[in-house]
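A.B. asks: structure of the sequence below:
(2 chains)
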Amino acid sequence: DTAVSQTPKYLVTQMGNDKSIKCEQNLGHDTMYWYKQDSKKFLKIMFSYNNKELIINETVPNRFSPKSPDKAHLNLHINSLELGDSAVYFCASSLGARGITEAFFGQGTRLTVV
Amino acid sequence: GDSVTQMEGPVTLSEEAFLTINCTYTATGYPSLFWYVQYPGEGLQLLLKATKADDKGSNKGFEATYRKETTSFHLEKGSVQVSDSAVYFCASEGGGNKLTFGTGTQLKVEL
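C.D. replies: Numbering: from 1, shown residues only, chains lettered A, B, ... in the order given. Below is the predicted model:
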């Protein structure tokens, strides 16, 4: 059973396109996240949702819009893709409102913008 | 804001060598501290954690002790294996649902 699953695993697209990455967790967790990992492996949080409510929105261009239809899903939509958006995007979830419980990560979506 | 600094990689060791990966943090208050591991092509997995000063986290032969006086959480393993080759991330969580990660340290273990 996959705990945190995200699709697609790979995404190659042209500049200017709009794309979505989907994430689902079957752990019953209340909190879900999106992280971006750049080519140097640096990880930075983008968004966090707790029970479908946005609680963290880091300095991310508004071309990025997260959507949480229910607490088990957190999708990421990206408009007008740019070369600099190329990265690996990780979805994660954790049980409580505080991250002191373990965060479970998906396998990542490698986005390449050409 | 919170920040985590860990030693630059890559670190290359022979099998059965001793491993230390340094990690220091800056935070307001007393964050929880974590080590995550990322194997090639996979997402991050929690390796160990410590939630208060002097706690020692341990798992799979890895250990790290929360040192408040030096604001450090160094990762150690007495005898590394080839299968330990991965990228290791130190992270802190000081409240607000946000993990702050270090830049990651790539470990390569050779026979």
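
A.B. asks: for the rest of this, base every contact and every neighbour count on C-alpha atoms.
C.D. replies: OK.

A.B. asks: which one is A:His77 nearest to, not counting chain neighbours?
C.D. replies: Once flanking residues are discounted, A:His77 sits nearest to A:Ser20: 4.3 Å by C-alpha to C-alpha, 6 or more residues apart in numbering or on different chains.

A.B. asks: burial check on the residue of chain A found nearest chain B, number of neighbours?
C.D. replies: In chain A, the residue that lies nearest chain B is A:Gln107 (4.2 Å; C-alpha to the nearest C-alpha). A:Gln107: 23 surrounding residues under other C-alpha atoms under 10 Å in any protein chain shown.

A.B. asks: residues touching it, list them.
C.D. replies: Counting by C-alpha atoms under 8 Å, 6 or more residues apart in numbering or on different chains, A:Gln107 touches A:4-6, A:9, A:90, B:41-44.

A.B. asks: A strand includes it, no?
C.D. replies: No: secondary structure of A:Gln107 (DSSP: H, G, I helix; E, B strand; the rest coil): coil, not part of a strand.

A.B. asks: picking up where we left off before, can you list the helices and strands that the strand or helix carrying the residue nearest to A:His77 packs against?
C.D. replies: Secondary structure assignment for A:Ser20, by DSSP states H and E: strand A:19-25. Counting contacts by 3 or more C-alpha pairs under 8 Å, 6 or more residues apart in numbering or on different chains; DSSP states H and E, strand A:19-25 packs against strand A:4-7, strand A:73-78.

A.B. asks: surely A:Lys22 and A:Val4 touch.
C.D. replies: No: using C-alpha atoms under 8 Å, A:Lys22 makes no contact with A:Val4, being 10.5 Å away.

A.B. asks: the more surrounded of these two?
C.D. replies: A:Val4 (23 against 18).

A.B. asks: check contacts around the more buried one.
C.D. replies: A:23-27, A:91-93, A:104-107.

A.B. asks: give the closest residue to whichever residue of chain B sits closest to chain A in space, chain neighbours not counted.
C.D. replies: In chain B, the residue found nearest to chain A is B:Gly43; the distance is 4.2 Å by C-alpha to the nearest C-alpha. In this structure, B:Gly43 finds its nearest non-sequential neighbour in A:Gln107, 4.2 Å apart by C-alpha to C-alpha, 6+ apart.

A.B. asks: tell me the bridge partners for residue 91.
C.D. replies: If you meant another chain, say so; for now it's chain A. A:Trp34 (DSSP bridges).

A.B. asks: the intended chain is chain B.
C.D. replies: Beta-bridge partners recorded for B:Ala91 (DSSP bridges): B:Phe34, B:Phe101.

A.B. asks: where does it sit relative to A:Ser80, distance-wise?
C.D. replies: The spacing between B:Ala91 and A:Ser80, counted by C-alpha to C-alpha, to the nearest Å, is 32 Å.
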